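Novice: Pasted the sequence and its predicted model underneath.
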Amino acid sequence: MTPALIVAGLLWLPIASGCRDGHAASDDAHDPAAPDRPRYVETREAITHLANQLLRAHEVTGVSLALVDGGEVVWATGFGFANADLELPAGPRTIYNVGSLAKPVTVAAVLQAVERGELELDQSLAELLPNLDLAGDAEQRITLAQLLTHQSGVPSDWFIHDLSESPPPWTEIVDEIRGLEPAQPPGVQTLYSNLGMTLAGAALERAAGRSYEQLVTETLLRPAGMRTAYFPGGPEPEPVLLPIAEGPRGLAAVEHAASYRQHKLRLDPQFRMNPAGGLRASVLDLAAFASLVLAEGRVGNVEVLAPESVAAMLTPHNDELDVDLDHRFGYAWFLDHRALDWIGRVAWHGGRTFYHHSRLIVLPDHDLAVAVASNSLTAGGVVETLAVETLLSALQEKHAIEAPAPPAVIEHYPAPAELVEVFARAHAGDYASSTGVSVIGVEDGEVWSRTAIGSSRLTLDGDDGGTVAAMPGAAVRFIDEAGHHFVCIERNGVRRATGVLLDPPTPIPAAWQARAGRWTRIERPGEASTVAEPSLRIVDGRLRFEYTSLFEHPPLPVVWVLEPLDDRRARIAGIGRGQGTIIEVRGEGDDQRLWWAGREFRPLK
C-alpha cells in the first residue's frame, strides 16, 4: 500500500495497519438504462478486492460505496459492518455522519434562495445578520459570496461544543462570536472555514423565515432524491418502506452506522454546526446529490437548481488570488485533485466527524461520480483511495482511458556543497505548515525538513528545490508569491502550498514568557475534547503553543507558532487552515485563561 502523504513540512506518514477481514454486503445496484453503458464488472471485482485489503490493513469496521454514471447508480455496495456488535452489514442504505459534505448542500440551498430573490451574493454580513458584531466592523466588509468561497477571512473554527453529546443550538453562535477578530482580511485568500459556512446557513435561515434544517430538507434534499439524508433537529428521513400497516418510520426505519476506533465501539459526538458539517446521509443520498450536479440541477423533468447555479458552484472563484497559487475553489467545491487533475474537470469534497469519514467526487466531463463513507477513525485514507481507484477503473471501462503509469521511485543523491549553500541562504528557516512549524535547514551537508511528526530529506535538483523519496512524481519548490515565501508541492505543473516562511523571531513580551508551561483544557459537560497535553513553550526564540490532536490516529503532535500582538493577544502564525486566529488571555492573576476560538485553558498547577 502506498503511504498516505501529509503535506505538512514535506513529510509522509504511513497509515496504521491491522488484521481483520472485511465482510462484503450484498450489492444494491440499479440496472443501467442505457444499452451502451458498461456494467463495470471489472471495477466491481477490483474494488471489492481492494476494499477488503484496506479494511484489514487499516482496522476499518465498515465502508459503503456508490458509483454513478449518467445520473444512474450503476453499483452500490458495502464492506464490513455498519454495526459489528449487532452483526449489521454495511450497505448502500447505511446512514453515516458525513460531516463537511453538508457544505456543498448548504451552498446549493443558498443559491436556490438567490434564485428566489431572498438573498443576493454581494450582500454584506451586516445586512444579512444584523445582530452579528465582529471586531473592527468586519461584518460590513464580508459578503455572502465570500462565505461560500471561504474567502471571508473569519477563523476556520468555533470550538464551543463543536463536537458534543448534546450541543446547544448552532444558531446561538452568531451571538457567541461577538467581538471575534478575523483571521485574515476578506477577499485575500481561500481560508477554509466551518464558521464561515455556518454563518451562511444562518443568513439563509433568516432570509427564508424558517429553520435551516426544514428549508434545506424541503427545497433540496427531498426534491433531489436524498430520501434518508437529514440534519439533527430537522425533518426525519423518508425511506422507501415496505407496505406494512404497522412498522417503524423516520429515524427508526433507517440503519445508522455505529462508530469505531480499531474495531472498538465508540460514541461519535454530534458536530454542532449543521450548515458546515451536520449532515447524516447514505452513499445513495450522496449519489443523488452528485446526479443533481451532473444533470445541471435537474431531477427528471424538474429543475431543482438552475443550471447557472450549478455552473457557479463548479467555476473557480479564486483565480485572482495569487496567494492560493494553483489551488482552485468554487462555491464550496474543491476544483483540483492531485490524483485526478489529468482527467479534466473535477469537483470534490470530503467530510468527517470524530470517527466517520466520507468522500464525494464528481467528474463532469465524464458524467461519473463516486460516494464513499466509513464509520471508523482510521478510514481517512481508505475512503480517498477507494473513491479515486473506483473512478480510475470506471474511466477505463467506460472510455478506455488508462491512468498514467506510476512515477518512478526517486533515488537520493548528495548535492554539491556550493548548491546546498546557495539553497540554504535563500530558503532555510521556519515555515508554518498545516501541523505547525517545519524547520528547513542543512545537516551534515544535506537539506532536511524537521517537524514534530518526523523528518524528510530533500534531494536538490536546483537552487529552488528538489524531490523527496516519499513523493514520487512530485517536486518540492520554494517560490515567492503575493508577498510570501512558500514551500509548495508541484505535480504536472500544478503548485499547492504546504508552508509559508515565518519572519525572524522578535523579542517575546515578559507577560507571555511568564505563561510558559503546561496548561489544561477547561472542560464543558458533554463536550468532546480533541486536544491533549497543551503547553506554551519558548523554542529558538519563538513562542509555541503545542498539543496532541486526538482527531487523528495515531494522535498527532501539533506545534503552532504564536506571534504576540500585545501582552494579552497573540496570532497563530501562518496563512493555512486554523492559522491567523487570535489566542487571547482572559482573567487576571490566578484566574488567567487562554481563549482560542471558544476553547479555554488554564495553567496546570
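Specialist: Nice, thanks for sending it over.
Novice: tell me which element residue 595 falls in.
Specialist: strand 593-596 (DSSP states H and E).
Novice: do the same with residue 46
Specialist: Judged by DSSP H and E, residue 46 forms part of helix 41-57.
Novice: Then residue 385?
Specialist: helix 380-399.
Novice: ok, and for that helix, which residues are buried?
Specialist: 380-398 (16 or more other C-beta atoms under 10 Å). The way it works is simple: take the backbone N, C-alpha and C, and place the C-beta from them, glycine included.
Novice: tell me the domain ranges of the chain?
Specialist: What the record gives for the chain is the domain set 5-97+220-264+278-399, 106-182+190-212, 417-501, 510-603, from automatic domain parsing.
Novice: For residue 409, which of those domains is the nearest?
Specialist: Ranking the domains of the chain by proximity to residue 409 (C-beta to C-beta) places domain 417-501 first, at 5.8 Å.
Novice: what about that closest one, start to end distance?
Specialist: 23 Å (C-alpha to C-alpha, to the nearest Å).
Novice: Which pLDDT value goes with residue 423?
Specialist: Listed pLDDT for residue 423 reads 98.
Novice: quick one: it is in a helix?
Specialist: Yes - membership of residue 423 in a helix is supported by DSSP: H, G, I helix; E, B strand; the rest coil.
Novice: which helices and strands does the top strand by length along the chain pack with?
Specialist: Of all segments of type strand in the chain, defined using DSSP state E, the longest is strand 72-83. Judged by 3 or more C-beta pairs under 8 Å, 6 or more residues apart in numbering; DSSP states H and E, strand 72-83 is in contact with helix 41-57, strand 62-69, strand 88-89, helix 283-294.
Novice: what is the orientation angle of the first one with strand 62-69?
Specialist: Calculated by axes from the mean of the first three to the mean of the last three C-alpha atoms, to 10 degrees, helix 41-57 forms an angle of 160 degrees with strand 62-69.
Novice: CA atoms of helix 41-57 as PDB?
Specialist: What follows is helix 41-57, C-alpha atoms only, in PDB (Å, rounded to 0.1, in the frame of the first residue of the first chain):
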ATOM      1  CA  VAL A  41     -17.800  -5.900 -13.800                       C
ATOM      2  CA  GLU A  42     -14.000  -5.300 -13.700                       C
ATOM      3  CA  THR A  43     -14.500  -2.300 -11.400                       C
ATOM      4  CA  ARG A  44     -16.600  -4.300  -9.000                       C
ATOM      5  CA  GLU A  45     -14.100  -7.100  -8.800                       C
ATOM      6  CA  ALA A  46     -11.100  -4.900  -8.500                       C
ATOM      7  CA  ILE A  47     -12.600  -2.500  -5.900                       C
ATOM      8  CA  THR A  48     -14.100  -5.300  -3.900                       C
ATOM      9  CA  HIS A  49     -10.700  -6.900  -3.600                       C
ATOM     10  CA  LEU A  50      -9.000  -3.600  -2.800                       C
ATOM     11  CA  ALA A  51     -11.700  -2.700  -0.200                       C
ATOM     12  CA  ASN A  52     -11.200  -5.900   1.700                       C
ATOM     13  CA  GLN A  53      -7.500  -5.400   1.700                       C
ATOM     14  CA  LEU A  54      -7.800  -1.800   3.000                       C
ATOM     15  CA  LEU A  55     -10.300  -2.800   5.700                       C
ATOM     16  CA  ARG A  56      -7.900  -5.400   7.100                       C
ATOM     17  CA  ALA A  57      -4.800  -3.200   6.800                       C
END
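Novice: Report the buried residues of it.
Specialist: Buried positions in helix 41-57, judged by neighbour count with 16+ other C-beta under 10 Å: 43, 44, 46, 47, 48, 50, 51, 52, 54, 55, 56, 57.
Novice: other SSEs contacting it?
Specialist: strand 62-69, strand 72-83, helix 380-399.
Novice: right, and these - which one's nearest residue 601?
Specialist: For residue 601, the closest of those is helix 380-399, at 26.9 Å, according to C-beta to C-beta.
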